[in-house]
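1. Build me a model from this:
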Amino acid sequence: LRSIYAISFAVAAMLCIPLLLIPSNMSTNTLIRCHQNAFRYFGGYPEEILYDNMKQVVIKRLLKQEDSTLNRQFEDFAGFYGFKPILCRPYRGQTKGKVERTVQFVRDNFMVGIKYNSLADLNGQALAWCNKVNGKVHATTDEVPFERLKKEGLSPLSRELIHEIHNRKTFEILEKNDRFSRQIFLRIDFCIKRM
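-> Numbers count the residues shown, from 1 in each chain. The predicted structure follows:
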């Protein structure tokens, strides 16, 4: 029996648009990959992202955020995209209420009684479930989450940070609209998958 981690992203000022990702571990590299997948799913990223005080994001948490020490790898990642990580105040659940409610919603409506053959199968089911939920009218707001997302003003993805997972070495920063860079991206991606 092994642990399964679930990362829930929720975007929107008035409505949670959930995305559930189920990685094989909870390393900083994995968290970064999950963020990149979420950015692709949502079609961009916000100016600020709220975080619980997890070690993949913050190494030393002090009372004031500016006095805290962020995980260097994650700080570099946030700096590359230009979003600001905001740390929740310790022991104040109300500072992250929407995400907490989303976690409960996922637990009650997706995870109960689910059967899967592999992590890939479970992630496929999670993505299909998120697409279904986000394509229906929300009972409280009377809005379709995917339609609401268009009003959020997310920063569009114009480039992606590519990093080699095994030795944590940054290979290349690639512009999506550069033909040569796309060729390098495909080659590096292929190499990473084969390792």
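
2. Low-confidence stretches in this protein?
-> 1-2, 12-17, 93-99, 163-195 (pLDDT under 70).

3. which residue is nearest the centroid of it?
-> His35 (3.1 Å; CA atoms, centre = their mean).

4. Kindly list the main-chain dihedrals of it?
-> Per-residue torsions, His35: phi -60, psi -50 (degrees, to the nearest 10).

5. Quick check: it touching Phe74?
-> No. Using CB atoms under 8 Å, His35 is not in contact with Phe74, being 9.0 Å away. C-beta: built from backbone N, CA, C; applies to glycine.

6. Quick one: residues contacting the residue nearest to the centre of the chain.
-> 9, 45, 77 (CB atoms under 8 Å, 6 or more residues apart in numbering).

7. Could you dump the residues you listed into CSV with neighbour count added?
-> CSV is the format used below for those (neighbours: other CB atoms under 10 Å):
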residue, neighbour count
Phe9, 22
Tyr45, 22
Phe77, 22
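
8. Pick the one among the residues you listed closest to Asn29.
-> Closest to Asn29 out of the contacts of His35 is Phe77 (9.7 Å), distances taken as CB to CB.

9. how much space is there between that closest one and Ile32?
-> For Phe77, the distance to Ile32 equals 5 Å [CB to CB, to the nearest Å].

10. hey, what's in contact with both of those two?
-> Common contacts of Phe77 and Ile32, defined by CB under 8 Å, 6+ apart, comprise Leu161.
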